[in-house]
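K.L.:
build me a structure from this.
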Amino acid sequence: MDRKEFLRLIGGSCLAIAGIAPFFSGCTSIHKVSAVISDNKLRLSKNEFTSDQGKPLEVVLVRAASLAFPIALYRINPEEYIALWMECTHKGCEVNAQPNYLVCPCHGSEFDAKGNVVQGPAETNLKTFNITTDHENIYIYL
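P.N.:
Take a look at the predicted model:
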């Protein structure tokens with residue numbers, strides 16, 4: 001293989017990877033929402049759990065400017081949600097939310113979608129928040 005063939009092969013491979021990447025990023029991305037705290041609670045529309053393609057989402061990442069960590073809001077079913085403080089109970093690192101679990105990038109602790117420790121070194125479950133809902137909104141009480 002000469003130099004021109006090699007460069008053509010590498011260039012074609014890079015283009016193919018770049019063309020496929022958007023398909024994979026749609027599978028692993030987490031929907032992120034900014035929220036404002038009012039009366040010590042966050043209000044979030046239930047519509048945030050619907051993707052741009054109209055499919056239901058399992059988790060929404062909620063950020064507020066005054067909070068040190070985001071909140072992972074998981075939908076258990078259409079009327080039941082759980083809000084998890086994304087601070088690892090082991091050493092205080094920010095955990096990463098996945099569709100069905102959370103993982104700490106610092107030491108590998110894993111938590112299920114309800115915040116229960118699945119794998120240490122963390123020994124304590126993630127902090128949860130009280131939630132209420134109405135027909136259109138979800139309220140997270142801080």
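
K.L.:
look up the closest residue to the residue nearest to the spatial centre of the chain, ignoring the ones flanking it.
P.N.:
Residue closest to the average C-alpha location in the chain (Cα atoms, centre = their mean): Ala97, at 3.7 Å. For Ala97, ignoring the flanking residues on the chain, the nearest one in space by Cβ to Cβ, 6 or more residues apart in numbering is Ala72 at 4.3 Å. No exception for glycine: its C-beta is placed from N, CA and C like everyone else's.

K.L.:
show me what whatever helix or strand that neighbour lives in is packed against.
P.N.:
Assessed by DSSP states H and E, Ala72 sits inside strand 71-77. Packing contacts for strand 71-77, counted by 3 or more Cβ pairs under 8 Å, 6 or more residues apart in numbering; DSSP states H and E, involve strand 59-63, strand 80-85, strand 137-141.

K.L.:
would you mind getting the angle between the last one and strand 71-77?
P.N.:
Strand 137-141 and strand 71-77 are oriented at 130 degrees to each other (axes from the mean of the first three to the mean of the last three Cα atoms, to 10 degrees).

K.L.:
next secondary structure element downstream of the helix or strand of the chain with the lowest mean pLDDT?
P.N.:
The weakest-scoring helix or strand in the chain, judged by mean pLDDT, DSSP states H and E, is helix 3-28 (a mean of 48). Remark: after helix 3-28, the chain's next helix or strand is strand 31-34, criterion DSSP H and E.
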